[in-house]
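1. Sequence plus predicted model, see below.
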Amino acid sequence: MGPTLLDVNIDNSVQASAILSLGLLFAQRGTTTFINRLLNEMGKGPHPDSEPSCERYAYVLSIGMAIGLAGLGRGNRHIPQVPFVEAKPGLIERLLIMMEGGPKSRAVFNTDVWTESAFSEEAQAAPSQSNYCKEINDRINIHVTATIAFGLLFMKTHNKTVEFLLRLPNTMPELEKIRADVVPVRVIARALVNWNEIEPTKKWIMEQVPEVVRTHANNAIGLRWPNRIFDAREDDCCDRIVDRETVAQAYIHCIAAACFAVALKFASTTLTEMKELFMEFILMLTPDENQTPAHARLVRLAEKGAVAVSRNLLISALGILMAGSGDVDVFRLCYYLRRSDPVANWYKNSYTHCIQAAIHTTLGFLFLGNARYCFGQSDLAIASLVIAFYPLVGHHAGDHRLYLQPFRFLWVLAVERRLIYAIDADNSKMCRVPLRIHLKAGTSSQSRWVIETTPCLLPPLSGIVEIVIGGSQFEQKMLSQGQIAEILEKQNGCIPVHKARKHVLRQAALLDEEAHRIDAGELEGVEVWQWTPSNQGHDSSTLDWQKMKECLDQARVEPGAFDSRGILTGPVIDLYQNSFKNERLIEKRDVRMAKTFLRNECNPSMLAHFMQRLVDVAESEKSAADAHEPSSSSQEVQPFSPEDLIFNWRYV
C-alpha cells in the first residue's frame, strides 16, 4: 500500500485490484489492526513524490470495499465497549470524519514509524522530478468511500448509531452538501444495516426518500399532476423556490437505491408485485412517446448522468430479482430498451455503453446457467452484488478512473445452484414429480409449506427445513437441508425416484373394485362387527370428521396426500371418513384392506399408523364381543386421535 522503497512504478489499477483481493482474502476475518491500516491508507492523500493520477478515486474506492469485506457484518466487534475507552478516535468516528469531513489528524494515524522515516530519508536523498505544485491540506477528502465501508461493516447489525449517521438529511441546505452520486450509496448502506426492516412494498421504497424531497417533487416538479404541462412562468417560479435539479436527482437516486436493496434481500424470488414496480420505475426514466409530462420533466431536470446511474441500478435490480426465472415480461422489456437506443446515435451519447451493459447483464441473469442457478443470501454474496453493481457508470469498457471495471464480474461469487429435478430410477428419464417444501418461520410469518412440481428452483437453502418429493405414482422421500445441499453439490440437483411396485398397484385396483361391488350389493354375506368407543376413548366431538379436518388444516396437509405411494386413495379416504363416527360398522373388507396395505407398505407413514390402530381396535372389540365381556384395560387399544395427524405426519 502506498509507495515502496523500490524504484518500481506500480499502476493504480493494479494496486486497486490488489487491495480488493486482500479484502476478499480476509473476508469476515480481518482484525482491528488490519482494518486500521486500511483506514490510514484510505485517508492519506497522494504521496508528494508520486505523479498525479486520474485513477486515484478507483484506488480509494477499492480500499473502502476492502475495509467492508474484512469486517463484513462484524462492525460491532471492533467498537470498544463500556467501560473501555480508546485514547484515539474509534472506528465509527474515523469513518464519520472521512464521510462528512474534518481534520485529517483525527482520522489518519501513523502506525509504522520506521517506514515513514525511511520514506522521508528517501525523499530527501532523491528529490522529486515532477514539475507541478501541490498544496498540503490537513482537511480530509470527503470524496473518499467511507460510506460503502460503513454499510458493509455493519451489515445486518441494526446499529442505531450507524443507521442515524447514514440517514439522509431532511433539509435542502444539508442535502445540497452531499454529492449526488453519494446519495444512492448512503441509501443502500442504510438498508444493509437495517436488513430485517427491508420490505417488498412500494410504501417502504417511498419511505427511503426524504420527506422534503417528496414534497418538492410532488409540487415543484409536478409529480402530483402527471399530465400537467408547466409553462415558462411556472418553471421560473418553481426554480426560485427550490433547486429542482437537486430534488430530481435525489428523488430518482433514492428510489433506484431502495429498489436495489429490495432486490438484494429477495434475490431470485420472482416477486410479481416487485417486478411490475421495477418495470414501472424503469419506464418512468426511459424517454418515450408514452411518457407523461411530469416524468419527462423529472428526467430533464435530473440530467443524463443521474438518469443513467438510476436506470442502470433499476435494471440491475430487476435482473437480480428475477435471476434464473427466464421471465418473458422482463425479456421483452430488455429487448425494448435495447432497441430504443438506435446504433446510429451511440457515438453521440457517452452513457450508451453502461446502459447497454446493464441490459445485457440482466438478460444473462434471466437465464443464469441455463436457468439452473440463483443468487445466494449469504453475507459474502450480498457484498459481492453490492460491489459488482456499485452505482457508478463508465463511459467505455476501459474507463477505470472512478471504478475498476473488472469488479463488475464479482457477482459470480454470489451464484449458487438451486435447480432440482427428478428422474425415473428405472429408465433414467426426467419426470414431473410433486414437491412439497417446508419453509422456516420468518420474522413476521409462521412456517409454511410450498407445493411445486419438478423441475423447479428451490428457495434459499437457509430458509428450508425439509422437502418431501414424490407422490402420485412415485414413492415419497423426505430430505433434510443437509441432504439437499449434498444433492445439489454432488448430483447437480438430480434425485432418482422409484415408481410404486406393480403388484401394489394391482392389489389396490382389485380392492377398489371389490369395495364398489360390496357397495353395489353384488356380494352377500359380509361379516359385520359393531364397534362402540370405550369410555376412556374420545367423545363424539373428538371423533368427528370435521374436527379431524381442522387438524389437517392446522398441519397444512391435504387429505389426498396421506398415502405415501399415492395408492388406495379412494377406498382409504372413504375408510378415513367413515371411521370417525360415534358408532361405526367395521366391515370385514375394511380390515382386509388395511392389512393388505400394511403388508405391502415398505416405508411406514402416518397413514400406516392410522390403519394399524384401526385394525387393532377392530380385533380388540371383536375379541371382547366373542367373549361376551368388555376388553381388559391391559389389552385395550386407544382409538386413533385426530391430534396424532400433527405429530405423526413423517415419512421414513
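-> Received, thanks.
2. low-scoring pLDDT stretches of this structure, where are they?
-> 1-8, 46-55, 80-87, 110-138, 141-144, 342-348, 442-447, 472, 500-652 (pLDDT under 70).
3. What ranges does it have for its strands?
-> All strands of the chain, identified by DSSP state E, fall at 373-375, 415-417, 419-424, 430-431, 434-439, 448-453, 456-457, 464-471, 474-480, 494-497, 528-531, 584-587.
4. which one of the ones you listed lies closest to residue 286?
-> For residue 286, the closest of the strands of the chain is strand 373-375, at 25.1 Å, according to C-beta to C-beta. Just so you know, the C-beta spots here come from the backbone N, C-alpha and C atoms, and that holds for glycine as well.
5. what lines up beside that closest one in the sheet?
-> Paired neighbours of strand 373-375 in the sheet (DSSP bridges): strand 415-417 (antiparallel).
6. contacting residues around the strand it pairs with?
-> Outside strand 415-417, the residues that touch it by C-beta atoms under 8 Å, 6 or more residues apart in numbering are 368-369, 372-376, 381, 488-489, 492-493.
7. buried subset of those residues?
-> Neighbour-count burial (16 or more other C-beta atoms under 10 Å) applied to the contacts of strand 415-417 gives 368, 372-376, 381, 488, 493.
8. and which of those is nearest to residue 164?
-> Taking the buried ones among the contacts of strand 415-417 together and measuring to residue 164 by C-beta to C-beta, the closest member is residue 381, at 27.3 Å.
9. contacting residues for the residue nearest to the closest one when sequence neighbours are not counted?
-> With sequence-adjacent residues excluded and distances taken as C-beta to C-beta, 6 or more residues apart in numbering, residue 381 is closest to residue 414, at 3.6 Å. Going by C-beta under 8 Å, 6+ apart, residue 414 touches 267, 375-376, 378, 380-382, 384-385.
10. now do residue 64
-> Per C-beta under 8 Å, 6+ apart, neighbours of residue 64: 42, 144-149.
11. For the residues you listed, please prepare a markdown table with the additional fields neighbour count and distance to residue 192.
-> Output for the contacts of residue 64, formatted as a markdown table (neighbours: other C-beta atoms under 10 Å; distance: C-beta to C-beta, whole Å):
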| residue | neighbour count | distance to residue 192 |
| --- | --- | --- |
| 42 | 28 | 19 |
| 144 | 22 | 19 |
| 145 | 23 | 14 |
| 146 | 30 | 14 |
| 147 | 25 | 11 |
| 148 | 23 | 9 |
| 149 | 29 | 11 |
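12. Quick check: buried residues in the top helix by length along the chain?
-> Taking DSSP state H as the criterion, the chain has its longest helix at helix 293-321. Buried positions in helix 293-321, judged by neighbour count with 16+ other C-beta under 10 Å: 294-295, 297-299, 301-302, 306-321.
13. ok, the residue nearest to residue 381 to residue 365 distance?
-> Separation of residue 414 from residue 365 (C-beta to C-beta, to the nearest Å): 11 Å.
14. try residue 72
-> 23 Å.
15. Thought residue 20 was touching residue 65, still the case?
-> Yes. With contacts counted by C-beta atoms under 8 Å, residue 65 reaches residue 20, the gap being 5.7 Å.
16. what sits in contact with each of these two?
-> 387, 407.
17. These two: who's more crowded?
-> Applying other C-beta atoms under 10 Å to residue 65 and residue 20 shows that residue 65 carries more neighbours, namely 26 against 23.
18. Contacts only, for residue 364.
-> residue 319.
19. Number the chain from 42, please
-> Sure thing, new numbering starts at 42, so read that last one as residue 405.
20. Could you single out the nearest of the contacts of residue 105 to residue 470?
-> residue 189 (49.6 Å).
21. Return the residues in contact with the closest one.
-> So residue 189 contacts 102, 105-106, 109, 226, 230, 427, 431 (C-beta under 8 Å, 6+ apart).
22. which of the residues you listed sit farthest apart?
-> Longest span within the contacts of residue 189, C-beta to C-beta: 102 and 230, 13.7 Å.
23. Please identify which of those two sits among more neighbours.
-> Higher neighbour count among residue 102 and residue 230: residue 230, with 29 against 25, using other C-beta under 10 Å.
24. how close does the closest residue to the more buried one other than its chain neighbours sit to residue 110?
-> The shortest distance from residue 230 to any non-neighbouring residue, by C-beta to C-beta, 6+ apart, is to residue 192 (2.7 Å). In this structure, residue 192 and residue 110 are 12 Å apart, going by C-beta to C-beta.
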